[in-house]
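below is the sequence, then the predicted model.
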Amino acid sequence: MNLYVLLKRTFDTEEKIAISGNAISEDGAEFIINPYDEYGVEEAIQIRDSQGGEVTVISVGGEEAEKQLRTALAMGADKGVLINTEDDLETGDEYTTARILAEYLKDKEADLIFAGNVAIDGGSGQVGPRVADLLDIPYVTTITKIQVDGESASIIRDVEGDSEKIETTLPLLVTAQQGLNEPRYPSLPGIMKAKKKPLEELELDDLDLDEDEVEAKTKTIEVYLPPKKEAGRVLEGELQNQVKELVNLLYSEAKVI
């Protein structure tokens, strides 16, 4: 089975975000595989181990993303592909990334493509569905379980606190939700093997793409942190008096009533 995983380099979830020059500062920041993408890597490896095939992880970005690709290889993926846009693109958006990924995948005869449900830095959840649309294949989002049987797939997806069962066919793209599995940690032997696994680096020219063809469809106007929350207040005294004070505060200070 020909399995692909779309992988993004994101800030560590424990990282303290700072803004510099109307952008998130990367100075001294730690980066990881987007956690939702990790579920995709793990599930692809499990399917390959049970049914055979090959797992390829792909990332679009700068040379720094090689570290996250090597981590996925250490987890057990077979091959890595870095589409380096550092020298070709100053900015990009979800359309840019999806267009590049789809161009790479269009002739790869992928059976199953995994993406994260969302990226924890942007949270738009657009790239996976956009890639599927450009490839003209079906997609199912927020999956928490998948079973593949030949050309068919049985899927359970999360739907706002409930679940939905879907039957579909391959080729297929799915986006991974928390609960799909528990991603493994790279072992020391896995890390050593990852250094020898193939990692191909491409540029836009290698995909016969021009900058104009992948130009961003959106523009970031401003990047800012949310306002600091003021300290809360504890109301004291009899309950009846607390209620009166609360109503007065909601009216005079919060101005919500």
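Cool, the structure landed. Because the structure is predicted, anything quoted here is derived from the model rather than measured.

can you give me the buried ones in the helix or strand harbouring residue 71?
Following DSSP states H and E, one finds residue 71 within helix 66-75. Buried residues in helix 66-75, counted by 16 or more other C-beta atoms under 10 Å: 66, 68, 69, 70, 71, 72, 73, 74, 75. The C-beta positions use only the backbone N, C-alpha and C, and glycine is treated the same way.

next, the angle helix 66-75 makes with the following helix or strand past that helix.
Later in the chain than helix 66-75, the nearest helix or strand by DSSP H and E is strand 79-84. Here strand 79-84 runs at an angle of 170 degrees relative to helix 66-75 (axes from the mean of the first three to the mean of the last three C-alpha atoms, to 10 degrees).

partner strands of strand 79-84 and their direction?
Using DSSP bridges, the strands paired with strand 79-84 are strand 54-61 (parallel), strand 199-202 (parallel).

check the offset of the last one from the chain's centre.
In this view, strand 199-202 has its centroid 20 Å away from the chain centroid, taken as C-alpha atoms, centre = their mean, to the nearest Å.

by contact count, what packs against the helix or strand following it?
Moving toward the C-terminus from strand 199-202, the next helix or strand (DSSP H and E) is helix 239-252. The helices and strands touching helix 239-252, judged by 3 or more C-beta pairs under 8 Å, 6 or more residues apart in numbering; DSSP states H and E, number zero.

what strand or helix carries residue 153?
Using DSSP H and E, residue 153 falls in strand 152-159.

and the buried residues of helix 66-75, which is closest to residue 121?
Nearest to residue 121 out of the buried residues of helix 66-75 is residue 68 (C-beta to C-beta; 13.0 Å).

quick check: the closest one touching residue 59?
Yes - here residue 68 reaches residue 59: they are 6.6 Å apart, a contact under C-beta atoms under 8 Å.

mutual contacts of those two, please.
In terms of C-beta atoms under 8 Å, 6 or more residues apart in numbering, residue 68 and residue 59 are both contacted by the residues 7, 8, 9.

which of those residues fall in helices?
Using DSSP state H, no member of the shared contacts of residue 68 and residue 59 sits in helices.

would you turn those residues into CSV with neighbour count, distance to residue 135 and pLDDT?
Output for the shared contacts of residue 68 and residue 59, formatted as CSV (neighbours: other C-beta atoms under 10 Å; distance: C-beta to C-beta, whole Å; pLDDT from 0 to 100):
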residue, neighbour count, distance to residue 135, pLDDT
7, 29, 17, 97
8, 23, 18, 96
9, 22, 23, 94
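
of those residues, which belong to strands?
Applying DSSP state E to the shared contacts of residue 68 and residue 59, the entries found in strands are residue 9.

same list (the shared contacts of residue 68 and residue 59) but as TSV, adding distance to residue 153.
Converted to TSV, the shared contacts of residue 68 and residue 59 look like this (distance: C-beta to C-beta, whole Å):
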residue	distance to residue 153
7	21
8	24
9	28
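
which of the shared contacts of residue 68 and residue 59 lies closest to residue 118?
For the shared contacts of residue 68 and residue 59, the nearest to residue 118 is residue 8 (10.0 Å; C-beta to C-beta).
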